[in-house]
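Trainee: quick one: sequence and predicted model below, then my questions.
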Amino acid sequence: MIPLVGPTRRRQTLRHRLLRLAERATTPLLPADYLDLFHPLRPGADLRGRIIAIQPETADAATIVIQPGADWAGHVPGQYVRIGVDVDGVRQWRAYSLTHGPRADGHISVTVKAVPDGLVSSHLVRAARPGTLIHLEQAAGEFMLPTDGGRFLFVTAGSGITPVIGMLRNLFPVTDSGVVRLVRSAGYDIVVVHLAPSEPDSIFSAHLRELDAAGAIRLVAHYTDVHGSLDVDDLDELVPDLAERGTLACGPAGLLEALRRHHDRRNLTLRTEQFRAPRVAVGEGGTVTFGRSGTEVVADGATPILDAAESAGVLMPSGCRMGICYGCVLPLSSGSVRDLRTGEITTATPGETAGRGVPVQTCISAAAGTCELDH
């Protein structure tokens with residue numbers, strides 16, 4: 001028996017003709033481009049978000065509340081999201097920790113600290129406005145609490161509190177009537193050691209104090225202007241039951257490295273999250289040529305090629321800036337670069353890479369002599 005496909009085929013042909021007619025009518029744009037104007041957060045569109053509110057946290061930090069597009073897949077507290085922001089006509093991508101668990105209104109939030117010369121962080125804190133559309137990627141990251149409870153120590157410094165506050169808010173929501181104790185939070189015993197230059201510079205300090213006052217956590221606040229720099233060996237005194245806790249830490253590379261040495265000596269468990277890759281090696285430096293444009297940048301051996309290029313005005317792909325997301329990868333067509341985390345040298349010899357070059361992460365690689373990137 002021959003299937004009756006005639007009506008179906010005619011409908012498909014009509015649909016195709018109507019689509020072609022719409023494309024001709026909107027050339028050089030596509031019908032989807034017009035849908036983006038009126039419904040940018042619709043299902044099937046490139047994933048975007050709309051800034052709903054910008055809430056100051058300190059003099060140089062703010063929480064950005066975002067309505068994500070319909071295809072946002074959700075997140076687990078502790079994960080981060082890559083955000084694309086158009087600054088001076090150029091799309092820049094950065095990764096920020098999500099500072100809430102899943103919310104009833106479907107919104108997400110990130111808390112951003114404006115760092116000196118930080119193009120995107122300064123734009124989000126000081127120039128962005130509610131209603132602005134931004135680009136999003138799905139949440140990622142493995143810095144998360146086990147779901148079955150336990151005894152934990154969080155060690156955070158500065159904006160390193162951001163992934164941790166997302167976990168704490170998910171466990172212990174704060175409402176107008178105070179801290180809510182949920183069934184899912186009953187199995188957790190948490191101590192937070194939080195470091196900041198001063199109390200006014202401490203992001204979420206009031207929130208942490210409220211959780212501490214309610215007995216949800218035990219807070220040890222350490223302010224440099226009052227207590228001086230923290231010696232990680234003091235943790236044994238600050239947290240007497242340290243050996244009975246799993247430690248999760250987020251902050252500058254120096255703090256995390258000191259914690260690794262401390263915990264390794266005592267055979268204690270430690271998980272870390274950081275916003276910049278640790279640099280344990282320095283390249284020789286050299287001239288970096290960007291092949292397609294012929295632009296040359298002189299880079300020293302301690303500066304990632306990404307940073308050196310951007311400082312010279314070269315538009316570069318980027319993402320997390322800590323060697324995780326691979327959003328900054330470019331082909332190395334000749335010369336050598338050094339991985340600032342490990343000291344490993346990567347070399348590309350013309351004629352030996354089948355014309356494709358060797359992929360390198362520019363956010364954690366420094367010039368190790370003269371080199372050329374295909375960009």
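Mentor: Here it is on my side, so go on. Given the structure is predicted, the values throughout are model-derived calculations rather than measurements. Numbers count the residues shown, from 1 in each chain.

Trainee: for the protein, what helix or strand is lowest in average pLDDT?
Mentor: Taking mean pLDDT, DSSP states H and E as the measure, the helix or strand of the chain with the lowest value is helix 31-38, at a mean of 55.

Trainee: any idea how far the closest residue to Ala62 other than its chain neighbours is from Asp233?
Mentor: Distance criterion CB to CB, 6 or more residues apart in numbering; nearest residue to Ala62, sequence neighbours excluded, is Val125 at 4.7 Å. Using the backbone N, CA and C atoms, a C-beta is placed for each residue, glycine as well. Computed as CB to CB, to the nearest Å, the Val125 to Asp233 distance reads 35 Å.

Trainee: quick check on the residue nearest the centre of the chain: phi, psi?
Mentor: For the chain, Ala95 is the residue whose C-alpha lies nearest the centre (CA atoms, centre = their mean; 2.2 Å). Backbone dihedrals for Ala95, given as degrees, to the nearest 10, come out at phi -110, psi 130.

Trainee: for it, give the beta-bridge partners.
Mentor: Note on Ala95: beta-bridge partners by DSSP bridges are Arg82.

Trainee: isn't it up against Val81?
Mentor: Yes - in this structure Ala95 lies within contact range of Val81 using CB atoms under 8 Å: 7.1 Å.

Trainee: quick one: the nearest residue to Pro102 once chain neighbours are set aside and Leu259, what's the gap?
Mentor: Excluding its sequence neighbours, the residue lying closest to Pro102 (CB to CB, 6+ apart) is Gly74, at 6.2 Å. Per CB to CB, Gly74 is found 30 Å from Leu259.

Trainee: one more: Thr269?
Mentor: Taking CB to CB, one finds Thr269 at 11 Å from Leu259.

Trainee: kindly report the same for Leu47.
Mentor: Distance of Leu47 to Leu259, computed by CB to CB: 35 Å.

Trainee: likewise for Gln361?
Mentor: 25 Å.

Trainee: among those two, which residue is more densely surrounded?
Mentor: Neighbours were counted for Gln361 and for Leu259 using other CB atoms under 10 Å; Gln361 has more, 26 against 19.

Trainee: hang on, isn't the more buried one packed against Pro331?
Mentor: No - assessed by CB under 8 Å, Gln361 is found out of contact with Pro331, at 11.7 Å.

Trainee: name the residues that touch stretch 103-112?
Mentor: 49, 52, 57, 61-68, 72, 75, 81, 83, 96-100, 121, 124-125, 159, 162, 165, 203-204 (CB atoms under 8 Å, 6 or more residues apart in numbering).

Trainee: can you pull out the low-pLDDT segments for the stretch 51-200 of the chain?
Mentor: The stretch 51-200 of the chain contains no residues with pLDDT under 70.

Trainee: all helices for it, in order.
Mentor: 119-122, 161-171 (DSSP state H, counting those that start in this stretch).

Trainee: quick one: the closest residue to Val192 other than its chain neighbours and Ala214, what's the gap?
Mentor: Nearest non-adjacent residue to Val192, counting by CB to CB, 6+ apart: Phe154, 4.6 Å away. From Phe154 across to Ala214, the span is 17 Å (CB to CB).

Trainee: compare those two (neighbour count), which wins?
Mentor: In terms of neighbours (other CB under 10 Å), Phe154 is the more surrounded of Phe154 and Ala214; the figures are 24 against 14.

Trainee: so what's that one up against?
Mentor: Val164, Ile190, Val191, Val192, Val193, His194, Thr247, Leu248, Ala249, Cys250.
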